[in-house]
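Asks: I need the structure of the sequence given here:
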Amino acid sequence: MEYLVTMITHVPEGTSNAAVEDIRAREAAHSLELATDGHLLRLWRPPVQPGEWRTLGLFEAADRAELESVLASMPLRVWRTDEVATLSPHPNDPGPQAGKTAPSQGRTGGSEFFTTFTITVPPGTPSEVFETTETSEADRARELARYGSLLRLWVLSGDGRALGLWWAHDAGEMQGILDSLPLRKWSGLETIQLAPHPSDPGLGPR
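Replies: Presented below is the predicted three-dimensional model:
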C-alpha cells in the first residue's frame, strides 16, 4: 500500500542549534536507508509559514502497522506529528515508475504539484453522459502521462476524491492542464505547488 504522510515538526523551545543539526543529519541518513529498503518513495516541501517545518512523504508499507513502525524509526519523530492518508490505486494512474524520479532531473525549471479532486456529478446526469466523460478523462490522462505532465494518480478515501501528482513549468500551465480534463466541470480541486526536499529519493544519488 502507498501512503501520503504530512509530517509537521515542532522543535522544542530552547533546543540548541547543534542538537537540531545532529537530528537533521540522522534523519537524512535514515531517510536514505528507508528509500533503499523501498519504504520511502518521495519527499517534498509544500508552502510553509516562517519557522514552520512541514514535509510531505510518499511511503510504501504492507499495512498501517508497518507504516507506523517505519515512521516511528525516523529520528525527527520525537518532535513530529504525522497525518496519514491511505492511497488506493486509480485506474488512470500512469504507474509507480512514472513518479519515482523527480522530473526536474533533466528538465529546466518547472515544479511538481499535488492536486486533490472532489468529483460531484450533478443529479440527473444521464449515465451515458457520465460514462462518455469518464472515458474521455481516461484518454486525456494517458495523453498527459505521455507528455510527462501526469506522474501519479490515486484514489483517496471519501466519495469521488482523488489525488494527482503532476509536473508543469508554472502555476499557469498547471491550471491549463487541469482545465483540459473532461471531468474538471464536475470537480472541486485544491492545488499545492511542491518544492524539492534535499532527502527526496527521487533526486537520485547525492
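Asks: quick one: average pLDDT of the helix or strand harbouring residue 136?
Replies: When elements are assigned from DSSP states H and E, residue 136 belongs to helix 127-147. Per-residue pLDDT over helix 127-147 has a mean of 97.
Asks: Quick one: distance of it to the chain centre.
Replies: How far helix 127-147 lies from its chain's middle: 22 Å, per C-alpha atoms, centre = their mean, to the nearest Å.
Asks: now swap in stretch 96-114 and tell me
Replies: In terms of C-alpha atoms, centre = their mean, the centre of stretch 96-114 is set 11 Å apart from its chain centre.
Asks: Not counting that stretch itself, show me its contacts.
Replies: For stretch 96-114, the surrounding residues in contact (C-beta atoms under 8 Å, 6 or more residues apart in numbering) are 2, 41-42, 44, 46, 56, 58, 145, 148, 150-152, 163-171, 174, 191-196, 200, 202-204. Where you see a C-beta, it was placed from the backbone N, CA and C, and this is true even at glycine.
Asks: what comes up buried for it?
Replies: Within stretch 96-114, the residues that qualify as buried are 98-99, 101-103, 111-114, counting by 16 or more other C-beta atoms under 10 Å.
Asks: quick one on the thing from earlier: show me what the helix holding residue 136 is packed up against.
Replies: Other helices and strands packing on helix 127-147, by 3 or more C-beta pairs under 8 Å, 6 or more residues apart in numbering; DSSP states H and E, are strand 150-155.
Asks: could you check the angle helix 127-147 makes with the following helix or strand past the strand it packs on?
Replies: Where DSSP H and E defines the elements, the next helix or strand beyond strand 150-155 is strand 161-168. Angle between the axes of strand 161-168 and helix 127-147 is 30 degrees (criterion: axes from the mean of the first three to the mean of the last three C-alpha atoms, to 10 degrees).
Asks: Would you list the strands that strand 161-168 pairs with, along with their directions?
Replies: Its sheet considered, strand 161-168 pairs with strand 111-119 (antiparallel), strand 150-155 (antiparallel) by DSSP bridges.
Asks: circling back: could I get the buried residues of stretch 96-114 as TSV with pLDDT and distance to residue 87?
Replies: Converted to TSV, those look like this (pLDDT from 0 to 100; distance: C-beta to C-beta, whole Å):
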residue	pLDDT	distance to residue 87
98	80	14
99	79	11
101	83	18
102	80	18
103	81	19
111	95	21
112	97	16
113	98	16
114	98	12
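Asks: Export these to a markdown table and append columns for distance to residue 179.
Replies: Formatted as a markdown table, these follow (distance: C-beta to C-beta, whole Å):
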| residue | distance to residue 179 |
| --- | --- |
| 98 | 22 |
| 99 | 22 |
| 101 | 27 |
| 102 | 25 |
| 103 | 21 |
| 111 | 18 |
| 112 | 19 |
| 113 | 14 |
| 114 | 17 |
